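Asks: need the 3D shape of this:
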Amino acid sequence: MVACSCWLVGVGLALANLAHSSSVINPFTGKCLDVEGESVVDEAGIILQGCTDSESQRWKLVEGGALVNFKSGKCLDIKGGAGFTGIWDGTEMILYECNGGDNQKWISGDGVLKHPSSDKCLDISGESKEDGTKVIIYSCHDGENQRWGFSVVVAMMAPAYGKCLDIQGGNMDDGTNVVIWTCSGKPEQQWMYVNGIVINPKSGKCLDIQHQSTADSAHVILWTCNGGENQKWEDTGRAFVNPISGKCLDIKGEGTDDGTNVILYTCHGSPNQDWMLFGNVRRAALSAGGGKKEL
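Replies: Residues are numbered from 1 along each chain as shown. Predicted coordinates:
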């Protein structure tokens, strides 16, 4: 009888399917899990970095619990493994050849990535939001720096209008209005939807209701991610609903012109509240008649 290394089979199948990998993003910072220097060598550090959709930021959680990196085909690992004294809080994460060890197994659930053997969580060191911050393992504490979700870069298109959700003028400052614009695939039209938060990866900022308002016609803006109720959205399959207000993401006045503001408004099921997520932003531009665009 030939012994089967089932973990290896699982990883092998996943490597053949890594085209379906996604970014692992922390909604509190709006930034992504990355390999330092986009390295592919064993023991390369794992860091927090602004989301770019680069290959080093794409991961797949495979059967058996390994988190496999698209660029290298290697796994998220705990530096030094368990050792003789167990895993200490603050131990750094690294990239390492997949080997099926317990230090490479993860469970995704309730918005965290947990290491089952130690019962500890993937954590951003010091609750920092800075690029290059080390990613570590730490006792789970339900903090925002331990929140992770999986997402791809998408365009948010209003199909009845053939226009995309856009940051006005490409201005990434807090308070910039969110509008509709002819779909182009540019960074100001790229979004990631993770754990009920809509994030623009270029800025690392969130889709936000101005002044935490719940009133009809409140402006929808770009703002630093803070976990507030005014930054939470539920995708119902057509509408995007803010749970605290029960109101919808809406194109003001059913306008169709480029630059029309996007607002919060009582849900009514009209086409100006209908949104479609396109996982391929180029395809969204083509579908909207924007022609072929380079990102």
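
Asks: which residues are in contact with Q212?
Replies: Shown in contact with Q212 (Cβ atoms under 8 Å, 6 or more residues apart in numbering): 228-230. All C-beta spots, glycine's among them, are computed from the backbone N, C-alpha and C.

Asks: so where's the stretch 151-295 of the chain uncertain?
Replies: Low-confidence segments of the stretch 151-295 of the chain (pLDDT under 70): 280-295.

Asks: all strands of it, in order?
Replies: Counting by DSSP state E, counting those that start in this stretch, the stretch 151-295 of the chain has strands at residues 155-158, 163-167, 178-182, 192-194, 197-200, 205-209, 220-224, 234-235, 240-242, 247-251, 262-265, 276-278.

Asks: can I get those in TSV with mean neighbour count and distance to I47?
Replies: TSV is the format used below for the strands of the stretch 151-295 of the chain (neighbours: other Cβ atoms under 10 Å; distance: least, Cβ to Cβ, whole Å):
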stretch	mean neighbour count	distance to I47
strand 155-158	26	27
strand 163-167	27	26
strand 178-182	22	29
strand 192-194	22	18
strand 197-200	26	18
strand 205-209	25	20
strand 220-224	21	20
strand 234-235	14	29
strand 240-242	22	31
strand 247-251	25	33
strand 262-265	24	33
strand 276-278	18	28
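
Asks: which among those is found nearest to C121?
Replies: The closest of the strands of the stretch 151-295 of the chain to C121 is strand 192-194. By Cβ to Cβ, the value is 16.6 Å.

Asks: packing partners for the closest one?
Replies: strand 22-26, strand 149-151, strand 197-200 (3 or more Cβ pairs under 8 Å, 6 or more residues apart in numbering; DSSP states H and E).

Asks: how about those in a markdown table, adding distance to G162?
Replies: Listed next are the helices and strands packed on strand 192-194 as a markdown table, based on distance: least, Cβ to Cβ, whole Å:
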| stretch | distance to G162 |
| --- | --- |
| strand 22-26 | 26 |
| strand 149-151 | 24 |
| strand 197-200 | 20 |
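
Asks: ok, the closest residue to D250 other than its chain neighbours - contacts?
Replies: Spatial nearest neighbour of D250, excluding adjacent residues (Cβ to Cβ, 6 or more residues apart in numbering): Y265 at 3.7 Å. Shown in contact with Y265 (Cβ under 8 Å, 6+ apart): 216-217, 247-248, 250, 252, 273.

Asks: rerun at 6 Å
Replies: For Y265, the contact set (Cβ atoms under 6 Å, 6 or more residues apart in numbering) comprises 216, 247, 250.

Asks: repeat for Y161
Replies: Counting by Cβ under 6 Å, 6+ apart, Y161 makes contact with T256.

Asks: make it 7 Å
Replies: By Cβ atoms under 7 Å, 6 or more residues apart in numbering, the contact list for Y161 reads 180, 251, 256.

Asks: tell me which of these is nearest to T224?
Replies: Proximity of these to T224 (Cβ to Cβ) peaks at I180, which lies at 22.9 Å.

Asks: check whether the closest one really touches I251, as I assumed.
Replies: Yes. The pair I180 / I251 is scored as a contact, 5.7 Å apart, by Cβ atoms under 7 Å.

Asks: show me whatever sits in contact with both of these two.
Replies: Jointly contacting I180 and I251 under the rule Cβ under 7 Å, 6+ apart are 158, 161, 260, 262.

Asks: distance check, the residue nearest to S270 when sequence neighbours are not counted against A160.
Replies: Nearest non-adjacent residue to S270, counting by Cβ to Cβ, 6+ apart: E254, 6.8 Å away. In this view, E254 and A160 are 9 Å apart by Cβ to Cβ, to the nearest Å.
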